[in-house]
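Engineer: prediction below, plus the sequence it came from.
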Amino acid sequence: MIAVKICGLTRPEDARAAAAAGADAIGLVFASSPRQVLPGKAKAIIAALPPHIVRIGVFVDQDPDWIARIMDTLGLDRLQFHGSEKKTVLRRFPASRVIRALRPPAGLALPRRDPEPAASAFLVDACVPGSRGGTGILSNWKYARGLRRFGKPVILSGGLDPDNVSRAIRAVKPDMVDVSSGVEIRPGIKNAARMRAFVRAVREAGRGKELKKKWMNIL
């Protein structure tokens, strides 16, 4: 099955709705953003989740010592680095817990070598100058599919919604899909019906149980 991450949660009630919809993971944005949450609010959101939901913290060029404290205090399962962090920063954390976000522009050639050895998974988001995510713009699907050659799980993000996620899955064959703005009423406020519709579309487009072991490496 293909895993589902619902990112940019800002309210405990939305966390409960995401879990009820069938999400496998949620994302909490700790960087400056309309969807930013402070540690106190993040703690309340996490408390609203059942234990099987994976908690992923999203960070953008922030102090690694602070990130480590947040990870330990809140019990985050994975760290998604969405900025221009150097390899030395990522290597301060276990590779098994690091997700590297990439924002390849259209036409970018796939590198011959793993673009981020310090990460255990890639997330491909849209390339929008001045923005780090949550834009509603589609990402570079060709690049995302090409990343599969490096043997790591690929998370597809960028402009996904209940109407286009099936097409994205067919084109990219990702291990996980990540949605934020595509299931929102407004930035940070999720729509329960759209979350259910998104998860349903992913399940219907899923490629079967053969992928379960691979995406479990993400989760």
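Structural biologist: Perfect, thanks for sending it.

Engineer: the lengthiest helix in the chain: which residues count as buried?
Structural biologist: Across the chain, the longest stretch assigned as helix under DSSP state H is helix 192-205. By neighbour count on 16 or more other Cβ atoms under 10 Å, the buried set for helix 192-205 is 192, 194-199, 201-202. Where C-beta positions appear, they are placed from N, C-alpha and C, glycine not excepted.

Engineer: helices of the protein, start to end?
Structural biologist: Under the criterion DSSP H, the chain carries helices at the ranges 12-21, 39-47, 64-74, 87-90, 141-146, 165-172, 192-205, 212-216.

Engineer: adding mean pLDDT and distance to Ala118, write those helices out as JSON lines.
Structural biologist: Below are the helices of the chain laid out as JSON lines (pLDDT from 0 to 100; distance: least, Cβ to Cβ, whole Å):
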{"stretch": "helix 12-21", "mean pLDDT": "98", "distance to Ala118": "29"}
{"stretch": "helix 39-47", "mean pLDDT": "98", "distance to Ala118": "24"}
{"stretch": "helix 64-74", "mean pLDDT": "98", "distance to Ala118": "12"}
{"stretch": "helix 87-90", "mean pLDDT": "95", "distance to Ala118": "4"}
{"stretch": "helix 141-146", "mean pLDDT": "95", "distance to Ala118": "19"}
{"stretch": "helix 165-172", "mean pLDDT": "95", "distance to Ala118": "23"}
{"stretch": "helix 192-205", "mean pLDDT": "96", "distance to Ala118": "28"}
{"stretch": "helix 212-216", "mean pLDDT": "50", "distance to Ala118": "20"}
